[in-house]
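S.K.: Need the 3D shape of this:
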Amino acid sequence: MKKILAVLAATGFLTLSAYAAEVQGTVASIDVATRTIALDDGTVYTAGEAVDLASVAAGASVTLTIDDTTNEVTSVEAQM
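M.R.: Coordinates of the predicted model:
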């Protein structure tokens, strides 16, 4: 019984981690109208409605959390 619970718990943790990815980079530009964040490596991400783009500026080093199912940015964290 304990083995079954351990397997179920481990599977739950793996499932949760499969839905989000983190990307680090430097912001090249922000377009508030289209809700896009372009990084200096050329990748462009679309931010979800809950993300406050006013707090992000070009040149900032950031960590973006990306929802794997929607491919949207769910949070932006500035690096110090």
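S.K.: Is it correct that E77 is in contact with V56?
M.R.: No - between E77 and V56 there is no contact under Cβ atoms under 8 Å: 9.9 Å. Heads up, the C-betas are built off the backbone N, CA and C, glycines and all.
S.K.: Helices along the protein, start to end?
M.R.: For the chain, the helices defined by DSSP state H cover 2-17.
S.K.: Look at E77 and V56 and report which has more neighbours.
M.R.: Neighbour count, other Cβ atoms under 10 Å: between E77 and V56, V56 has more, with 19 against 13.
S.K.: For that one, give me the backbone phi and psi.
M.R.: Dihedral angles of V56 (phi, psi; degrees, to the nearest 10) stand at phi -110, psi 140.
S.K.: hmm, back to that, which residues do E77 and V56 both contact?
M.R.: Common contact partners of E77 and V56 (Cβ atoms under 8 Å, 6 or more residues apart in numbering): V62.
S.K.: For the top strand by length along the chain, list every residue counted as buried.
M.R.: Using DSSP state E to define each element, the chain has its longest strand at strand 20-31. When burial is assessed from 16 or more other Cβ atoms under 10 Å, strand 20-31 yields the following buried residues: G25, V27, I30.
S.K.: Which residues are in contact with the last one?
M.R.: It refers to I30. T36, I37, A38, L53, V56, A57, A58.
S.K.: does it have beta-bridge partners, and which?
M.R.: Beta bridges link I30 to I37 when assigned by DSSP bridges.
S.K.: From I37, how far out is it?
M.R.: Going from I30 to I37 by Cβ to Cβ, to the nearest Å gives 6 Å.
S.K.: re the thing from before, looking at the contacts of I30, which two lie furthest apart in space?
M.R.: With Cβ to Cβ as the measure, no two of the contacts of I30 lie farther apart than T36 and A57, at 14.5 Å.
S.K.: This completes my enquiry, with thanks.
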